[in-house]
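*Asks:* pasting the sequence and the predicted model now:
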Amino acid sequence: MDGPPRPMTAQPTDDPATGPSPEIDTSGDGRETDRGEASLIEDLSSLIEDGLTYAEAELAYQKTRAAFVGQQAKGIAISGGIAALLVVLAIVALVFGAILALTPMVGAFGATGIVFGALLLAAFLLVQIARAKARAMMRAFGSEKE
């Protein structure tokens, strides 16, 4: 070493070996906070704020989605109702046409009786099919008591 030893001093803040030193803020509350990094409280408040923003956006999305589903359901109900009415009218027309077609062969009362009997038989068969399917469903869930 040349000359007398130099006294040790704090390194300058721009020293490339250590980098810039963090600025310490003593804000009078007795705590020192590092201005270079966000505090945990700031991170949590930011997280809560982001969560609230997400919740508001999700709520707006679900409201829009519910309104769309409501509009579509109304259209479906109207279309379905009209279709069901037209099916009923078609069945009435078929029954009336069958009575008119059979009347010259067996008379008015005979035609009415034949059509009435055929409709009762069809209804009975459909009830039996529905009953068998209901029993099969109950067996699948294991709650049939015989």
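*Replies:* Thanks, I have the structure now.
*Asks:* residue 76 and residue 88, how far apart?
*Replies:* 19 Å (C-beta to C-beta, to the nearest Å). Glycine gets a C-beta too; all of them are placed from N, C-alpha and C.
*Asks:* what do you get for residue 98?
*Replies:* As defined by C-beta to C-beta, residue 98 lies at a distance of 16 Å from residue 88.
*Asks:* more neighbours, these two?
*Replies:* More neighbours surround residue 98 than the other of residue 98 and residue 88, with 16 against 10 (other C-beta atoms under 10 Å).
*Asks:* mind telling me what element the more buried one is part of?
*Replies:* Take DSSP states H and E as the rule and residue 98 turns out to sit in helix 40-141.
*Asks:* residue ranges with poor pLDDT in this protein?
*Replies:* Counting by pLDDT under 70, the chain contains low-confidence residues at 1-38, 143-146.
*Asks:* and if we set it to 90?
*Replies:* Within the chain, the set of residues satisfying pLDDT under 90 comprises 1-43, 141-146.
*Asks:* surely residue 110 and residue 116 touch.
*Replies:* No: assessed by C-beta atoms under 8 Å, residue 110 is found out of contact with residue 116, at 10.6 Å.
*Asks:* for residue 134, grab the count of nearby residues.
*Replies:* A count of nearby residues for residue 134, using other C-beta under 10 Å, gives 11.
*Asks:* going forward, begin numbering at 472 instead of 1
*Replies:* Sure thing, new numbering starts at 472, so read that last one as residue 605.
*Asks:* got the CA positions of stretch 596-603 in CSV?
*Replies:* Listed next in CSV are the C-alpha coordinates belonging to stretch 596-603 (Å, rounded to 0.1, in the frame of the first residue of the first chain):
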residue,chain,number,x,y,z
LEU,A,596,-101.2,-48.2,-24.9
LEU,A,597,-99.4,-44.9,-24.3
VAL,A,598,-100.2,-45.0,-20.5
GLN,A,599,-98.9,-48.6,-20.4
ILE,A,600,-95.6,-47.5,-22.1
ALA,A,601,-95.3,-44.6,-19.7
ARG,A,602,-95.9,-46.8,-16.7
ALA,A,603,-93.2,-49.3,-17.9
